[in-house]
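> Below is the sequence, then the predicted model.
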Number of protein chains: 2
Amino acid sequence: MKLSAEVISIGDEMTSGARLDTNSQWLSQRLGELGVEVRFQTTVGDMLRDNIDVFNIAIERVDLVICTGGLGPTQDDLTREALAEVSDEPLEFRQQAMDHIESLFSSRKRPMPERNRVQAMFPKSSQIIPNPQGTAPGIDLFIDRGSHARCRVFALPGVPAEMQLMFKETVSHQIAAMSGGGSVIRHHVMKFFGIGESDMEQRLGDMISRDRQPRVGITVSAATISLRITAMTESAERCTAQIAQTKTEILNRVGELYFGDGENYEQYHVIDSMLRARGESLALLELGFAAPLGDWFAALGETPAFRGGLSLAAMPNVSLEEIQSRMRSDWLLVVNAYPAIADDLVGHVPASEVEFILVAPNGKQHAHRITIGGHPDILQPRIGKTAMAWFRGVVAGLRTA
Amino acid sequence: MKLSAEVISIGDEMTSGARLDTNSQWLSQRLGELGVEVRFQTTVGDMLRDNIDVFNIAIERVDLVICTGGLGPTQDDLTREALAEVSDEPLEFRQQAMDHIESLFSSRKRPMPERNRVQAMFPKSSQIIPNPQGTAPGIDLFIDRGSHARCRVFALPGVPAEMQLMFKETVSHQIAAMSGGGSVIRHHVMKFFGIGESDMEQRLGDMISRDRQPRVGITVSAATISLRITAMTESAERCTAQIAQTKTEILNRVGELYFGDGENYEQYHVIDSMLRARGESLALLELGFAAPLGDWFAALGETPAFRGGLSLAAMPNVSLEEIQSRMRSDWLLVVNAYPAIADDLVGHVPASEVEFILVAPNGKQHAHRITIGGHPDILQPRIGKTAMAWFRGVVAGLRTA
């Protein structure tokens, strides 16, 4: 059964624009992976009347409502009250939830304020969704809506880390069971660089169809594309087999742009492995108006493959070989130069020329020029990523030559 | 009159979670500054029926609806059709809009596809909102709702740069005139570092009340706090005077944390000005698992005050004085070290000790230790910003000593 859903986000800090809601996007991605179609996302402030209206509208138009926020201990936290009103059920005290809240406070060696008792109040027919990290348990509640089947509401706290863990550990399995696809869920993320999102969609064709099993979802972060494969079956083995099969199909279509697996896997991780395997090291010289590569490679920490990054406004008076030698690195990658981005820029940065220079271990210099412009927020990282992709290509080419 | 509003964002790319909607936050901030209370934000996919439902609900519950998206030339773009349906008005062709669209294509030396004609279709009683940057004009439409006053709908394109310019140039003045606060609007942004958001709110007290004139709004970006003052009066002079008065009040309360003015003004700009005035220069040595300062200072471009940044995994074998001398800088600021952030971290990074070292022009070393932990997404930038704040303090202290 194809379920439809609405994601509701609660809090004045969102409706006022003080805070950007990222929970709704995260939940919509996860629901899509579970085969649920998110038709609406709604954000509402901390007014009881508005909360009740929003819940009433949602339970009439979708099968599944997931809300975040409003489960804290203060008077602004109205989700419990709104759900009691909408379901026409009284709130009742649950000792089990209270024990958890008290144990959290005592493990942090702090007295529990009296007001936290309210977090142990639940609509009469609801189930508790455990929150291993925080004091706010979630609520799992079926709400009658007359003629058609009941709507199921999952209420989760607004703190992203708590919400995400509760979704993964409890809610996702409940939803998988409801949609009848098997309650074992496995994810696999593949990373790509060097193609735009719409070209990627075109090349994947029917692989990204919502009806495919396992599902393949695309997300883009500063020009890096992630494909997330989600398998939902009756066993872990079957999930693993389905993912392997889908991975092969993807590699057949866009394999040349693929660089690795894992949500947090980036091109600098590939370069680190590649250079370690060769027993070689890299240093960076970044010129101009940014130096993202130095910041990224630093995240590798102490690795024999990365000697360090140098960032300067313009090409220095010393030779590249001297820098290579002072940094004690086999390779020196130079980005010349990240362009200026005007403060008052409206729209896209005009295209300009950027040169990559690579000094090889034998002193030979390779160079490559690109013409690049585009969205100001991602232009500098895109230049850095293009440099990494070029570097990988040159090193791989030299190996096979 | 206090107006209430709903912000609607349209597109499958948002409901599926493929793209994060930032337009709703931006619009909610601007509306708040204009004295409009945003009560709901709604996101809906590209289904005509759902769009119509969402508009019908919105126009019943608020005075003002601002929607983004769905104004493009493709079959997925349904905002025109939905508004025609909701207002019960036929769409009519507007030659003025067509002329603008054709002129944009001819200035880009591209033929206009026939399908772009649909972008010149408008509900009969609506006004065109000019779009200087793109082909999609906006729609300004009053919709009757029986008993109570008409609801006003502004439909804008989803491209953020186009949407923002159209809001600033046209929509904001219309709204200011509606709410009777005077149609001249001026903004001023003040920047602060070294305090949490809730402490800032507490110290500002009634200054951030929604009823205050001019309004003061708080936003936080990676631990930097912006206070945005918005004056709405009948003349530019009066706005300027009000802003100056409010600025003085703010400085009286939290002046010691203030470092400058302007949306894009950061601590490295202060340091640049400060060092230029002294005829001195700075170089950076960043150790450990990040190097954000090198990336940020690079954005200054060629300035005599910044010599460059060096990022290394750990303290090198050469002395700090040697690095200072090789970088030809008067000051050397060292961050030792940005901590590792585990990939599989759930929740907050545990506190660890970070040392800042400053080698002064006379060779004297200053050092400072902080204990810092917190949200993984902003921990490294927060460490870099704390280092800049400390550096500013030391240099300022030496000047007066």
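Everything's here; your move.
> shouldn't A:Arg392 be in contact with A:Phe259?
Yes. Using CB atoms under 8 Å, A:Arg392 makes contact with A:Phe259 at a distance of 7.4 Å. No exception for glycine: its C-beta is placed from N, CA and C like everyone else's.
> Neighbour count: these two, which is higher?
Of the pair A:Arg392 and A:Phe259, A:Phe259 is the one with more neighbours under other CB atoms under 10 Å in any protein chain shown, namely 19 against 16.
> For A:Arg392 and A:Phe259, list the residues in contact with both.
A:Gln267, A:Val270 (CB atoms under 8 Å, 6 or more residues apart in numbering or on different chains).
> Which residues of the stretch 251-400 of chain A lie near chain B?
Neighbours of chain B within the stretch 251-400 of chain A, by CB under 8 Å from any CB of the partner chain: A:264, A:286, A:288-292, A:294-295, A:297-303, A:306-314, A:338, A:340-341, A:343, A:346-348.
> which among those residues end up buried?
Neighbour counting by 16 or more other CB atoms under 10 Å in any protein chain shown classes A:286, A:288-292, A:294-295, A:297-301, A:303, A:306-313, A:338, A:340 among those as buried.
> Now, these that are in strands?
Assigned to strands by DSSP state E, the following of these qualify: A:Glu286, A:Gly288, A:Phe306, A:Arg307, A:Gly308, A:Gly309, A:Leu310, A:Ser311, A:Leu312, A:Tyr338.
> who does the third one bridge with?
Put plainly, it is A:Phe306. Counting by DSSP bridges, A:Phe306 is bridged to A:Leu282.
> That one touches A:Arg276, doesn't it?
No. With contact defined as CB under 8 Å, A:Phe306 and A:Arg276 do not form a contacting pair (9.8 Å).
> Just give me the neighbour total for A:Val189.
Neighbour number of A:Val189 under other CB under 10 Å is 17.
> Actually, A:Thr135.
Neighbour tally, A:Thr135, other CB under 10 Å: 21.
> what is the mean pLDDT for the helix or strand encompassing A:Tyr268?
If you go by DSSP states H and E, A:Tyr268 is part of helix A:267-278. Average pLDDT, helix A:267-278: 96.
> Check the offset of it from the chain's centre.
Relative to the chain's own centre, helix A:267-278 is displaced by 24 Å; criterion: CA atoms, centre = their mean, to the nearest Å.
> how far off strand A:306-312 does that helix point, in degrees?
130 degrees (axes from the mean of the first three to the mean of the last three CA atoms, to 10 degrees).
> got a list of what the closest residue to A:Glu81 other than its chain neighbours touches?
Leaving aside its chain neighbours, A:Glu81 sits nearest to A:Leu48 (6.2 Å; criterion: CB to CB, 6 or more residues apart in numbering or on different chains). By CB under 8 Å, 6+ apart, the contact list for A:Leu48 reads A:Leu78, A:Glu81, A:Ala82, A:Glu85.
> Can you give me the end-to-end span of stretch A:188-201?
Across stretch A:188-201, the terminal residues are separated by 18 Å (CA to CA, to the nearest Å).
> what comes up buried for that stretch?
Quick answer for stretch A:188-201 (16+ other CB under 10 Å): A:His188, A:Val189, A:Met190, A:Lys191, A:Phe192, A:Phe193, A:Gly194, A:Ile195, A:Met200.
> Quick check: phi and psi on A:Trp26?
phi -60, psi -50 (degrees, to the nearest 10).
> coming back round to it: take the buried residues of stretch A:188-201 and keep only those in helices.
A:Met200 (DSSP state H).
> from the buried residues of stretch A:188-201, which is closest to chain B?
Proximity of those to chain B (CB to the nearest CB) peaks at A:Met200, which lies at 11.6 Å.
> List the residues that contact the closest residue to that closest one other than its chain neighbours.
Once flanking residues are discounted, A:Met200 sits nearest to A:Ile225: 5.5 Å by CB to CB, 6+ apart. Contacts for A:Ile225 (CB under 8 Å, 6+ apart) come out as A:Lys191, A:Phe192, A:Phe193, A:Ile195, A:Glu197, A:Met200, A:Ile218, A:Thr219, A:Leu257.
> Distance of the second one relative to A:Pro130?
Summarising the geometry, the distance separating A:Phe192 from A:Pro130, computed by CB to CB, to the nearest Å, is 37 Å.
> same deal with the first one?
Taking CB to CB as the measure, A:Lys191 and A:Pro130 are separated by 33 Å.
> ok, now the fifth one?
Distance of A:Glu197 to A:Pro130, computed by CB to CB: 37 Å.
> The third one too?
Using CB to CB, one gets 39 Å for the distance from A:Phe193 to A:Pro130.
> where along chain A do the helices fall?
Going by DSSP H, chain A shows helices at A:12-15, A:23-33, A:48-61, A:79-87, A:95-107, A:160-166, A:172-179, A:197-204, A:236-254, A:267-278, A:292-298, A:320-326, A:376-400.
> now for those helices, which one comes closest to B:Pro73?
helix A:197-204 (15.5 Å; CB to CB).
> same for that closest one, what does it pack against?
Contact partners of helix A:197-204 among helices and strands, from 3 or more CB pairs under 8 Å, 6 or more residues apart in numbering or on different chains; DSSP states H and E: strand A:215-221, strand A:224-233, helix A:236-254.
> Compute the inter-axis angle for the shortest one and helix A:23-33.
Put plainly, it is strand A:215-221. Going by the same axes, to 10 degrees, strand A:215-221 makes 150 degrees with helix A:23-33.
> Provide the strand pairings for strand A:215-221, with the direction of each partner.
strand A:224-233 (antiparallel).
> then the strand it pairs with to CSV, C-alphas only?
The C-alpha atoms that make up strand A:224-233 are tabulated as CSV, following Å, rounded to 0.1, in the frame of the first residue of the first chain:
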residue,chain,number,x,y,z
THR,A,224,28.9,16.4,-5.0
ILE,A,225,26.1,14.0,-5.8
SER,A,226,25.0,11.3,-3.4
LEU,A,227,22.9,8.3,-4.6
ARG,A,228,21.3,6.6,-1.6
ILE,A,229,20.0,3.1,-2.2
THR,A,230,17.4,1.9,0.2
ALA,A,231,16.4,-1.8,0.4
MET,A,232,13.4,-2.9,2.4
THR,A,233,12.8,-6.6,2.6
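> Verify the contact between A:Asn56 and A:Glu85 for me.
No. A:Asn56 lies out of contact with A:Glu85 (CB under 8 Å); the separation is 9.1 Å.
> if you count what's nearby, which of those two comes out ahead?
Taking neighbours as other CB under 10 Å, A:Asn56 and A:Glu85 compare with A:Glu85 leading, 18 against 14.
> tell me the two of the contacts of A:Ile225 that are most distant?
A:Thr219 and A:Leu257 (15.1 Å).
> Turn the buried residues of stretch A:188-201 into CSV, columns for pLDDT.
As requested, the buried residues of stretch A:188-201 are exported to CSV (pLDDT from 0 to 100):
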residue, pLDDT
A:His188, 94
A:Val189, 95
A:Met190, 97
A:Lys191, 97
A:Phe192, 97
A:Phe193, 97
A:Gly194, 93
A:Ile195, 90
A:Met200, 92
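> Could you chop chain A up by domain?
Annotated domains of chain A cover A:4-179, A:184-261, A:267-400 [automatic domain parsing].
> burial count for A:Lys364?
9.
> And the pLDDT at it?
pLDDT, read off for A:Lys364, is 94.
> Next up, phi/psi of it, please.
According to degrees, to the nearest 10, A:Lys364 has phi -70, psi 140.
> burial count for the residue of the stretch 101-250 of chain A at minimum distance from chain B?
Minimum separation of the stretch 101-250 of chain A from chain B (CB to the nearest CB) falls at A:Ala161, amounting to 4.7 Å. Residues lying near A:Ala161 (other CB under 10 Å) number 16.
> next one: the one 5 residues further on
As a burial measure, A:Met166 scores 25 neighbours (other CB under 10 Å).
> And for the one 5 residues further on?
Other residues within reach of A:Val171, judged by other CB under 10 Å, total 23.
> Run through the bridge partners of A:Ile372.
Bridge pairing for A:Ile372 - DSSP bridges - gives A:Ser352.
> This completes my enquiry, with thanks.
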